[in-house]
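**Q** Give me a model of this one.
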Amino acid sequence: MILFGDYHTHTKYSAHHHAKGTILENASVASDKGLKQIAISDHGFNHIFFGANRKDVGQIREEILTAKEITGVDILQGIEANLTSRNGDIDVLESDYEYLDILLMGHHTMVKMDNFKDFMALNMLNMASNPYKPSKDRLNRNTTAFLRALDKHPIDIITHLNYGFPTDTLAVAKLAKEKNVFVELNGKRINFTDRELLTMAEEGVKFIVNSDAHNPKNVGECNNAINTIFRLELPLEQVVNVDKTPKFTNKRG
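**A** Predicted structure coming up:
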């Protein structure tokens with residue numbers, strides 16, 4: 001079993017030292033571990049503490065080109081966008097697509113929302129509520145926001161689904177399949193039950209294994225996800241970056 005690439009890695013461009021390494025350091029570790037491709041996917045622009053800065057996207061592109069030449073690793077420029085409203089808006093603009101080879105999206109707390117009601121509904125109520133026993137209203141609200149985001153934006157990967165933000169997993173996964181969006185099996189945490197994972201696999205959902213590395217040494221470290229795949233005997237043909245090159249088909253711009 002060979003991991004072709006790691007599509008969720010962070011760098012110093014996630015603000016306030018949230019991640020430790022440079023683009024070159026991430027790519028160098030990837031090369032040492034035999035990865036052929038990585039994505040640089042720092043936190044979306046509306047994250048209050050850790051968001052990347054739009055003024056840096058050109059510099060990020062230049063560093064990616066340099067790191068490609070030095071390491072031979074193919075490097076995609078991406079962003080881990082945040083939900084910013086119950087209507088499925090995210091903190092990426094049409095003008096940002098010029099720089100994006102890949103678009104990831106997940107929910108994070110402490111994100112600047114479109115308005116106060118959205119901040120309360122998507123951030124505060126989730127932070128203050130039991131993560132394991134969401135109310136029906138909360139589950140429906142979270143799920144609807146994700147479904148609307150998948151409908152509105154050319155997203156390639158959903159990151160750490162259900163982490164602090166419970167959804168109707170199967171409903172999100174079914175639309176992700178329809179939209180050619182991959183559901184991440186995160187190297188740090190998997191917030192699905194075994195039954196949810198097996199049901200998603202039965203539905204034909206495509207998974208992608210990522211490290212969510214915030215330190216270069218962790219690039220490509222996906223044992224948590226890989227062990228889950230083997231333990232549940234998930235079909236390897238549905239894991240798009242194992243033993244094969246993933247194809248990101250959603251178009252931007």
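
**Q** quick one: low-confidence parts of the stretch 51-200 of the chain?
**A** Under the criterion pLDDT under 70, the flagged ranges of the stretch 51-200 of the chain are 131.

**Q** Which residue ranges of it form strands?
**A** Ranges of strands in the stretch 51-200 of the chain, per DSSP state E, counting those that start in this stretch, are 74-82, 102-106, 157-158, 182-186.

**Q** what sits against the residue nearest to the spatial centre of the chain?
**A** Nearest to the geometric centre of the chain sits residue 159, at 3.1 Å (CA atoms, centre = their mean). Counting by CB atoms under 8 Å, 6 or more residues apart in numbering, residue 159 touches 8, 80, 104-106, 184, 186, 210, 212. No exception for glycine: its C-beta is placed from N, CA and C like everyone else's.

**Q** mind putting those residues in JSON lines, neighbour count and distance to residue 164 included?
**A** Formatted as JSON lines, those follow (neighbours: other CB atoms under 10 Å; distance: CB to CB, whole Å):
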{"residue": "8", "neighbour count": "28", "distance to residue 164": "17"}
{"residue": "80", "neighbour count": "28", "distance to residue 164": "14"}
{"residue": "104", "neighbour count": "25", "distance to residue 164": "16"}
{"residue": "105", "neighbour count": "25", "distance to residue 164": "15"}
{"residue": "106", "neighbour count": "28", "distance to residue 164": "10"}
{"residue": "184", "neighbour count": "22", "distance to residue 164": "15"}
{"residue": "186", "neighbour count": "23", "distance to residue 164": "13"}
{"residue": "210", "neighbour count": "30", "distance to residue 164": "18"}
{"residue": "212", "neighbour count": "25", "distance to residue 164": "14"}
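
**Q** Distance to residue 120 added to those, as TSV?
**A** TSV is the format used below for the contacts of residue 159 (distance: CB to CB, whole Å):
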residue	distance to residue 120
8	28
80	23
104	25
105	21
106	20
184	27
186	27
210	30
212	27
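
**Q** OK, contacts around residue 154?
**A** 97, 103, 250-252.

**Q** Closest one of those to residue 115?
**A** Proximity to residue 115 was ranked across the contacts of residue 154 by CB to CB; first place goes to residue 103, at 23.4 Å.

**Q** Name whatever forms a beta bridge with that closest one.
**A** residue 79 (DSSP bridges).

**Q** how many neighbours does it have?
**A** When neighbours are counted by other CB atoms under 10 Å, residue 103 registers 25.

**Q** Quickly note the distance from it to residue 88.
**A** To residue 88, residue 103 is 14 Å away according to CB to CB, to the nearest Å.

**Q** list residues touching both of the two?
**A** Joint contacts of residue 103 and residue 88 (CB under 8 Å, 6+ apart) are residue 153.

**Q** ok, now which ones touch residue 124?
**A** Taking CB under 8 Å, 6+ apart, one finds nothing in contact with residue 124.

**Q** Which parts of the stretch 151-253 of the chain are helices?
**A** In the stretch 151-253 of the chain, the segments counted as helices under DSSP state H, counting those that start in this stretch are 169-178, 194-202, 223-232.

**Q** Tell me which of those helices sits nearest to residue 146.
**A** helix 169-178 (5.0 Å).

**Q** which residues sit in contact with the closest residue to residue 20 other than its chain neighbours?
**A** The spatially closest residue to residue 20, leaving aside those adjacent along the chain, is residue 215, at 4.7 Å (CB to CB, 6 or more residues apart in numbering). Residues near residue 215 by CB under 8 Å, 6+ apart: 19-21.

**Q** Which member of the residues you listed is positioned nearest residue 56?
**A** Distance ranking of the contacts of residue 215 against residue 56, using CB to CB, places residue 19 first at 13.4 Å.

**Q** Residue 234: which of the strands of the stretch 51-200 of the chain is closest?
**A** Short answer: strand 182-186, nearest of the strands of the stretch 51-200 of the chain by CB to CB, at 8.5 Å.
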